[in-house]
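quick one, fold the following:
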Amino acid sequence: MINVYNANEYTTLIERAVKGALKHFNIARKEVEVEIELIESAEMQELNNEARGIDAVTDVLSFPSLEVKLPFNVDDYPMDVDPESGAVLLGEIYICFDRAKEQAEEYGHSIERELGFLATHGMLHLLGYDHIEDGEREEMEALQDAILNSVGIKRDGIEEYEEVEEPTKCGYAVILGRPNAGKSTLINAIVGEKVSIVSWKPQTTRNRIIGIYNDDNVQVVFVDTPGIHAPKNELGKFMMHSVKVASEGVDAVIYVVDAEKGLDLSDVQRIENNVKVGNKVVVAVNKVDHVLKEKVAEILLELAKIEGLVAIVPISALRGKNVSELIKEITALMPEGVKLYSDDQYTDRNMRFMASEIIREKALRLLDKEIPYGIAVSINKYEYRENGILDIDADVIVQKQQHKPIVLGKKGEMIKRISTYARQDLEEMTGDKIFLTLWVRVKEDWRDDIGLLNNLGYNKRDDA
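Below you'll find the model as predicted:
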């Protein structure tokens with residue numbers, strides 16, 4: 001994100017120089033935030049006095065926000081990321097326009113060339129370069145010339161320049177793995193929004209959930225799937241059908257291994273089967289922050305024995321560790337093509353579906369172990385009042401009569417807690433004031449009732 005202030009007709013030119021510097025170091029514009037402002041002599045003198053104790057007017061001042069390590073990786077700066085933009089703030093650059101004009105005349109070139117040079121010079125300072133020693137100065141001068149020439153800002157004039165965008169890439173990636181490996185947490189971390197519900201209980205995800213990752217020139221449609229398991233009822237069969245359908249015709253397979261549980265034979269077989277059928281497989285070893293480095297190394301060595309893998313990336317989806325590196329591996333596998341969704345869309349699911357999933361997530365987290373697999377949520381009403389309040393009325397469905405009082409809780413305390421936590425999440429997600437009403441209904445053996453499963457959205461035909 002490049003923010004240029006008070007530059008008027010020179011804004012585009014300064015942006016061109018900054019983009020050239022970022023591109024030279026393979027830094028995506030989306031990953032960083034830079035602020036550049038053109039100021040007058042008096043303000044530059046004041047800044048020099050305050051920041052450096054020098055009573056003088058200089059041509060450019062840079063204020064780095066952090067010490068940059070190249071090659072640049074967003075994950076190296078977890079405390080410096082803007083939570084709204086997801087970008088790392090590199091710092092600020094101030095250019096004295098009066099001095100730029102004087103120097104352009106002195107050196108016999110255009111003001112455009114001088115402004116482009118000063119913007120590039122300031123960017124190199126933000127990226128850790130300096131010119132105190134002779135060797136440093138020579139390196140910095142060579143970099144400045146290379147960057148400016150690459151964007152058509154040359155000593156003998158400004159060339160017509162059309163920024164060459166990389167071809168747009170778009171494709172599908174499916175996330176597979178055993179139950180509770182962290183697939184839903186990973187897809188939420190990649191997309192940057194809550195797409196799939198998360199709990200510590202296995203088989204939380206029942207449908208194929210689509211999350212959409214967008215960058216300047218790439219879009220990846222991620223499909224979160226239920227954990228791979230042996231089905232014991234019609235709901236289980238639906239879940240495994242979702243996995244099968246989601247795995248067909250994708251451009252990449254991300255197989256998530258739980259480092260806490262380790263790599264077992266079933267993981268190896270499923271990974272090898274995907275490689276054999278021609279899928280491009282990236283293995284993400286998740287939860288590496290929960291185990292000793294020796295155990296992670298052991299898993300990585302075992303995975304390295306599998307031929308045909310595109311990459312193996314150790315990550316912590318919960319902490320965001322190495323997730324950006326995983327994204328780079330995945331986006332590299334996407335084919336050229338137009339984006340299928342708008343840049344501001346992060347899932348294909350509607351808010352009725354998301355509401356039912358959020359309610360189910362809260363129930364999974366709060367209720368006893370024997371109940372969750374027998375819980376479903378059905379949205380009866382999702383309507384806005386004239387005053388803008390969103391009314392949501394939903395049934396929490398249990399399969400046994402003895403489960404109903406547990407879900408209700410003593411004097412209705414449990415259902416109130418579920419409702420409160422769900423409402424808070426949904427209000428944050430929608431930005432609306434919500435009035436949420438929950439009912440507990442008993443529908444025995446609903447997981448084997450195909451008609452009821454269809455009504456609840458577990459429909460194989462819809463998921464095909």
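
quick one, domains of the chain?
What automatic domain parsing lists as the domains of the chain is 2-158, 169-331, 351-455.

make JSON lines out of those and add mean pLDDT, mean neighbour count and distance to residue 342.
(C-beta placed from N, C-alpha, C; glycine too.) Shown next, in JSON lines, are those (pLDDT from 0 to 100; neighbours: other C-beta atoms under 10 Å; distance: least, C-beta to C-beta, whole Å):
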{"stretch": "domain 2-158", "mean pLDDT": "89", "mean neighbour count": "17", "distance to residue 342": "16"}
{"stretch": "domain 169-331", "mean pLDDT": "79", "mean neighbour count": "19", "distance to residue 342": "9"}
{"stretch": "domain 351-455", "mean pLDDT": "81", "mean neighbour count": "16", "distance to residue 342": "16"}
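
will you turn the ones you listed into TSV that also has distance to residue 341?
Shown next, in TSV, are the domains of the chain (distance: least, C-beta to C-beta, whole Å):
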stretch	distance to residue 341
domain 2-158	17
domain 169-331	5
domain 351-455	16
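
what about these, which gets the closest to residue 345?
When the domains of the chain are compared for distance to residue 345 using C-beta to C-beta, the nearest one is domain 169-331, at 5.7 Å.

CA atoms of stretch 404-424 as PDB?
Taking C-alpha atoms only, stretch 404-424 is exported to PDB below (Å, rounded to 0.1, in the frame of the first residue of the first chain):
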ATOM      1  CA  LYS A 404     -32.300 -31.500  25.400                       C
ATOM      2  CA  PRO A 405     -32.000 -30.500  29.100                       C
ATOM      3  CA  ILE A 406     -28.200 -30.500  28.700                       C
ATOM      4  CA  VAL A 407     -28.300 -28.100  25.800                       C
ATOM      5  CA  LEU A 408     -30.800 -25.900  27.700                       C
ATOM      6  CA  GLY A 409     -28.800 -26.000  30.900                       C
ATOM      7  CA  LYS A 410     -30.000 -25.200  34.400                       C
ATOM      8  CA  LYS A 411     -32.700 -22.500  34.200                       C
ATOM      9  CA  GLY A 412     -31.800 -22.100  30.500                       C
ATOM     10  CA  GLU A 413     -28.200 -20.900  31.300                       C
ATOM     11  CA  MET A 414     -26.500 -23.000  28.600                       C
ATOM     12  CA  ILE A 415     -28.700 -22.000  25.700                       C
ATOM     13  CA  LYS A 416     -28.300 -18.400  26.800                       C
ATOM     14  CA  ARG A 417     -24.500 -18.700  26.700                       C
ATOM     15  CA  ILE A 418     -24.600 -20.300  23.300                       C
ATOM     16  CA  SER A 419     -26.900 -17.500  22.100                       C
ATOM     17  CA  THR A 420     -24.800 -14.700  23.600                       C
ATOM     18  CA  TYR A 421     -21.500 -15.900  22.100                       C
ATOM     19  CA  ALA A 422     -23.000 -16.600  18.700                       C
ATOM     20  CA  ARG A 423     -24.700 -13.200  18.600                       C
ATOM     21  CA  GLN A 424     -21.400 -11.400  19.500                       C
END
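
can I assume residue 427 is in contact with residue 434?
Yes - contact criterion C-beta atoms under 8 Å: residue 427 and residue 434 qualify, at 5.2 Å.

do a quick rundown of the helices in the chain.
For the chain, applying DSSP state H gives helices covering 11-24, 41-52, 97-107, 111-126, 134-150, 183-191, 234-246, 265-276, 293-304, 323-331, 351-366, 404-408, 413-430, 450-455.

for residue 172, which of those is the nearest?
Taking these one by one with C-beta to C-beta, helix 234-246 is closest: 8.7 Å.

grab the nearest non-local neighbour of residue 385.
Closest residue in space to residue 385, ignoring its immediate chain neighbours: residue 391 at 6.3 Å, by C-beta to C-beta, 6 or more residues apart in numbering.

what's the answer for residue 214, then?
residue 343 (4.8 Å).

distance from the chain centre to stretch 437-447, please.
35 Å (C-alpha atoms, centre = their mean, to the nearest Å).
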